Every structure is written in C-alpha cells, then in structure tokens.
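>>> Sharing a model that was predicted from the sequence below.
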Amino acid sequence: MVVLGVSKDTPSAQKKFQQKYALPFPLLADPTLVVHKAWGVWGEKVMYGKQVMGTVRTTVVVGADGTVEQVFSKVKVTGHVASVLEAL
C-alpha cells in the first residue's frame, strides 16, 4: 500500500509539516491547484462561519490498477484513520 498526501502548500512548507508530525509518507505539492481541481477537492466550504474557497479534505483509495475504489468526502480528523483502515 502506498500513502500520499497532497496539499496546495509549497514544498518547503510541506517539508516542515512532514518533519513536525513525523509523517512516514510523501507529501505532494499542488500550489497551482491542478490536482485539487482534477480530483474535485477544491471548492466552497464553511470556515469559521464564512463561505470560502479551499481544499475540501478528502481521502481517495485507489486500487493497484489505478481505479478509484472508495472516496471519503468532507473528512473529519477524529476517527478517520480507523475508518479508512477498516475499509481497506
């Protein structure tokens, strides 16, 4: 199994984040939002009671053959890892 993280942050910001949280997987930079838009995870969301454009936190499980097997939309951090592991 391969785990990748994607965010709109710069590579230098991602490196700091990865080191701070000792993440054992690569983070991919998408500052121009090409991947975000292609996967449909850039859009309107509510933050602090206001409508804003941003990354809609999402987990996508992709099979070995490249097909999308499951999508977890509007992810909440608490309990999410357990949900994904259960699905796998």
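That came in fine, so what should we check first? Numbers count the residues shown, from 1 in each chain.
>>> which ones are touching Asp9?
Applying Cβ atoms under 8 Å, 6 or more residues apart in numbering, we find Asp9 in contact with Phe17, Leu27, Ala29, Pro31. In short, each C-beta sits where N, CA and C put it, glycine included.
>>> what's it sitting at in phi/psi?
phi -70, psi 160 (degrees, to the nearest 10).
>>> Would you map the strands across the chain?
5-7, 27-29, 42-47, 50-55, 59-62, 68-72 (DSSP state E).
>>> longest single helix anywhere in the protein?
helix 11-20 (DSSP state H).
>>> Show me what counts as buried in that one.
Under the neighbour-count criterion of 16 or more other Cβ atoms under 10 Å, helix 11-20 has Gln14 buried.
>>> For it, what does the pLDDT average out to?
Helix 11-20 comes out with an average pLDDT of 93.
>>> wait, what's in contact with the residue lying closest to Gly43 once chain neighbours are set aside?
Setting aside the residues directly before and after it, Gly43 is nearest to Val56 in space (Cβ to Cβ, 6 or more residues apart in numbering), at 5.6 Å. When contacts are counted by Cβ under 8 Å, 6+ apart, Val56 touches Val41, Trp42, Gly43, Lys45, Ser73, Lys74.
>>> State the distance from Val56 to Lys16.
23 Å (Cβ to Cβ, to the nearest Å).
>>> Count the neighbours of the closest residue in space to Met1 that isn't next to it in sequence for me.
For Met1, ignoring the flanking residues on the chain, the nearest one in space by Cβ to Cβ, 6+ apart is Leu88 at 7.3 Å. When neighbours are defined as other Cβ atoms under 10 Å, Leu88 has 9 of them.
>>> mind listing what the nearest residue to Thr58 once chain neighbours are set aside touches?
Nearest non-adjacent residue to Thr58, counting by Cβ to Cβ, 6+ apart: Val41, 4.6 Å away. Each residue near Val41 by Cβ under 8 Å, 6+ apart is listed here: Thr55, Val56, Arg57, Thr58.
>>> Among those, which one sits closest to Gly79?
Each of those was checked against Gly79 using Cβ to Cβ; the closest is Arg57, at 13.4 Å.
>>> which residue packs closest to that closest one, ignoring adjacent ones?
Counting by Cβ to Cβ, 6+ apart, Val75 is the residue found nearest to Arg57 once chain neighbours are left out, at 4.3 Å.
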